[in-house]
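> I'll drop the sequence and a predicted model, then ask my questions.
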Amino acid sequence: QVQLVESGGGLVQPGGSLKLSCVASGFRFVYYAIGWFRQAPGKEREGVSCLMTSDGTAHYADSVKGRFTISRDNAKNTVYLQMNSLRPEDTAVYYCNAKRGPLVNFWGQGIQVTVSS
């Protein structure tokens, strides 16, 4: 059974930090590109960051560049998103994603991140 389980979300003040984790199971994690998406209330889901398998290159949305860092630990089947200098506009449900080719796409259940004073 394929599972992606996120953790580490919560409430944080502006300027604070959080580290999201996503543990994968049920598939060969090392062969998948992995990423984080988010969806704020009333908005479409958007890509935040992804990590490619081909060359290990990380990509970031312009809105999070320099503040967020994606990483993976293949031995633990885990992907992380370190989020620093958080802003109220980062408030959203964050989703973990694993993708291989155009047809195989797995999602986590999502976790809430709220940035507020």
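On my side now, so go ahead.
> all contacts plus neighbour counts: C-alpha atoms, from now on.
Fine.
> Now do the contacts for the residue nearest in space to the middle of the chain.
Centroid check for the chain by C-alpha atoms, centre = their mean gives W36 as the closest residue, at 2.6 Å. By C-alpha atoms under 8 Å, 6 or more residues apart in numbering, the residues touching W36 are G47, V48, S49, C50, L81, Y94, Y95, C96, N97.
> Can you tell me how far the fifth one is from V113?
Plainly put, L81 is 12 Å away from V113 if you go by C-alpha to C-alpha, to the nearest Å.
> hang on, the earlier thing: arrange the contacts of W36 in CSV, one row each, with secondary structure, pLDDT and neighbour count as further columns.
Listed next are these as CSV, based on DSSP: H, G, I helix; E, B strand; the rest coil; pLDDT from 0 to 100; neighbours: other C-alpha atoms under 10 Å:
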residue, secondary structure, pLDDT, neighbour count
G47, strand, 97, 17
V48, strand, 98, 22
S49, strand, 97, 23
C50, strand, 95, 24
L81, strand, 98, 23
Y94, strand, 98, 27
Y95, strand, 98, 25
C96, strand, 97, 28
N97, strand, 96, 23
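> Any stretches of this structure with poor pLDDT?
Applying pLDDT under 70 to the chain flags the ranges 54.
> Can you name the residues that contact the closest residue to E89 other than its chain neighbours?
Closest residue to E89 in three dimensions, ignoring its sequence neighbours and counting by C-alpha to C-alpha, 6 or more residues apart in numbering: V115, at 7.6 Å. Contact analysis of V115 by C-alpha under 8 Å, 6+ apart lists L11, V12, Q13, P14, L86, R87, P88, E89, D90, T91.
> For burial, what's the neighbour tally of Y60?
Burial of Y60, expressed as a neighbour count using other C-alpha atoms under 10 Å, amounts to 19.
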